[in-house]
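Novice: sequence plus the predicted model coming up.
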Amino acid sequence: MSMILDGSNGVTFNDASLQGAAASPYVLKNRIINGDMRIDQRNAGASGTANAYTVDRWNYTGTQASKGTWQQNAGSVTPPAGYTNYLGFTSSSSYSVLTGDTFLFNQAIEGYNIADLDWGTANAKTVTLSFWVRSSLTGTFGGALSNDPARSYAFSYTISAANTWEQKSITIVGDQSGTWNKTNSLGVVVRFGLGSGATYSGTAGAWTAGNLVQPTGTVSVVGTNGATFYITGVQLEQNTSATPFERRMYGTELALCQRYYQLVPQVCSATVALGTGSRTGPYSFKTTMRATPVAAYSSVTAFNSSGSALSSPTAADNTTSTDAISWLISNYSTAAQATATISLNAEL
């Protein structure tokens, strides 16, 4: 069962009209992290085209390369009132999706954060997904909730006016079947489809076996060259109707993001000998991470005592523990020092 409140059925849905809702005093109700798209540790507002994390916690996936560009605040469109950021996608061609194709934005929610929903039991609780969306296209769009890959609920919603922010709300009865993780692995994925073939499409409005991204016959954003899709204010809550978007303090939202991804800025090694050198330094994690993270290097710079540039070192060892990071830097042309930014990734 699903319910959409978008004005087309005579019901107006907006944040202001919900301020008196019974659930509005509740805190930490939103199972989505960075639903207003304001945290962007990786890209700092830069655009991308690859399968990758965009703004924090939001991943872009496309089975074909170079079909679109994603970016925080793409196109410099004014966000809805009360918001400062959104996540945007612009199609780069008129692509006809193949059977096995799919293009989407998605956020994977940790099992701990949906454990109380009791999905997979007779006590499964109802949730409501709400969000602001804007597109250059109109018609029936879609997405899905999934435990990836066994169970899915495809939902649809209508964008009535081109290039206009509209707020949507979809209420979904909890799934009484399947296995839903309740620990630090993947609990449920929330997906917003940008175009999918038959393999990832299905009937809207019911839980079903399979790994769906959007309902059959919904709009394919990648099918129109230059088409845009913008989204913000995404909230998934245990409730039978939408309540106002939960506006958490910036530091709180950043810490929630850092459970899955952190940056260690400008780690500096001591002088190392020609050829290779290894350094271990203490590092206090900003917050407890979901799992042991994988470390990677960026912005690596080598220099000698006079500041002259040397050949770039190679990051050959990314070992992490709870309180230290070990990095191995090699391939110097002479004895040198090096700095690097290290990322710690514990995404689902």
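Specialist: Done, it's in.

Novice: ok, R259 touching T288?
Specialist: Yes: checked against Cβ atoms under 8 Å, the pair R259 and T288 is within contact range at 6.8 Å. For the C-beta atoms, the positions are set from N, CA and C on the backbone; glycine is no exception.

Novice: which of the two has more neighbours?
Specialist: R259 (20 against 10; other Cβ atoms under 10 Å).

Novice: just the pLDDT for the more buried one.
Specialist: Note on R259: pLDDT of 96.

Novice: how close does T69 get to Y83?
Specialist: 21 Å (Cβ to Cβ, to the nearest Å).

Novice: show me which of these two is the more surrounded one.
Specialist: Neighbour tally, T69 and Y83, criterion other Cβ under 10 Å: the higher count belongs to Y83, 19 against 16.

Novice: quick one, what contacts the residue lying closest to that one once chain neighbours are set aside?
Specialist: Leaving aside its chain neighbours, Y83 sits nearest to T232 (5.3 Å; criterion: Cβ to Cβ, 6 or more residues apart in numbering). If you count contacts by Cβ atoms under 8 Å, 6 or more residues apart in numbering, T232 has them with 35-37, 79-80, 83, 85-87, 131-132.

Novice: helix/strand/coil for T252?
Specialist: Three-state assignment for T252 (DSSP: H, G, I helix; E, B strand; the rest coil): helix.

Novice: where's it relative to T126, distance?
Specialist: Distance, T252 to T126, using Cβ to Cβ: 26 Å.

Novice: can I see the domain layout of the chain?
Specialist: According to automatic domain parsing, the chain comprises the domains 16-257, 259-345.

Novice: would you mind finding the most buried of these?
Specialist: domain 16-257 (a mean of 19; mean count of other Cβ atoms under 10 Å).

Novice: mean pLDDT lowest for which of the domains of the chain?
Specialist: Among these, domain 259-345 carries the lowest mean pLDDT, a mean of 67.

Novice: which residue is nearest the middle of the protein?
Specialist: The residue lying closest to the centre of the chain (Cα atoms, centre = their mean) is W58, at 1.0 Å.

Novice: I'd guessed that residue sits against M37; true?
Specialist: Yes: counting by Cβ under 8 Å, W58 does reach M37; the two are 7.1 Å apart.

Novice: overlap in contacts of those two?
Specialist: L87.

Novice: looking at it, N73 is touching N85, isn't it?
Specialist: Yes: between N73 and N85 there is a contact under Cβ under 8 Å: 5.8 Å.

Novice: name the SS class of the closest residue to F131 other than its chain neighbours, please.
Specialist: Spatially, and ignoring its direct neighbours in sequence, F131 is nearest to V234 (4.3 Å; Cβ to Cβ, 6+ apart). Secondary structure, three-state DSSP: V234 is strand.

Novice: what sits against V234?
Specialist: Listed by Cβ under 8 Å, 6+ apart, the contact set of V234 reads 32, 35-36, 107, 129-131, 190.

Novice: cool, and R42?
Specialist: R42 neighbours (Cβ under 8 Å, 6+ apart): 52-53, 56, 261, 343.

Novice: what ranges does the stretch 101-250 of the chain have for its strands?
Specialist: 102-110, 127-135, 139-146, 151-159, 166-172, 186-196, 201-202, 207-209, 214-215, 228-238 (DSSP state E, counting those that start in this stretch).

Novice: does Q262 count as helix, strand or coil?
Specialist: What three-state DSSP gives for Q262 is strand.

Novice: N147 versus that one, what's the distance?
Specialist: Taking Cβ to Cβ, one finds Q262 at 27 Å from N147.

Novice: for the stretch 1-150 of the chain, what spans make up the helices?
Specialist: Along the stretch 1-150 of the chain, no segments are classed as helices by DSSP state H, counting those that start in this stretch.

Novice: S93 against N225, yeah?
Specialist: Yes: under the criterion of Cβ under 8 Å, S93 makes contact with N225 at 5.4 Å.

Novice: can you pull the contacts of the spatially closest residue to I39 that is not a sequence neighbour?
Specialist: Nearest non-adjacent residue to I39, counting by Cβ to Cβ, 6+ apart: D56, 4.2 Å away. Residues counted as contacts of D56 (Cβ under 8 Å, 6+ apart) are 33-34, 39-42, 257, 260-261.

Novice: pretty sure G35 contacts R247?
Specialist: No: taking contacts as Cβ under 8 Å, G35 lies outside contact range of R247: 9.8 Å.

Novice: circling back to that earlier point, and the contacts of R42, which is closest to W207?
Specialist: Among these, Y53 lies closest to W207 (Cβ to Cβ), at 27.8 Å.

Novice: list the beta-bridge partners for that closest one.
Specialist: Legend: beta-bridge partners of Y53 under DSSP bridges are N59.
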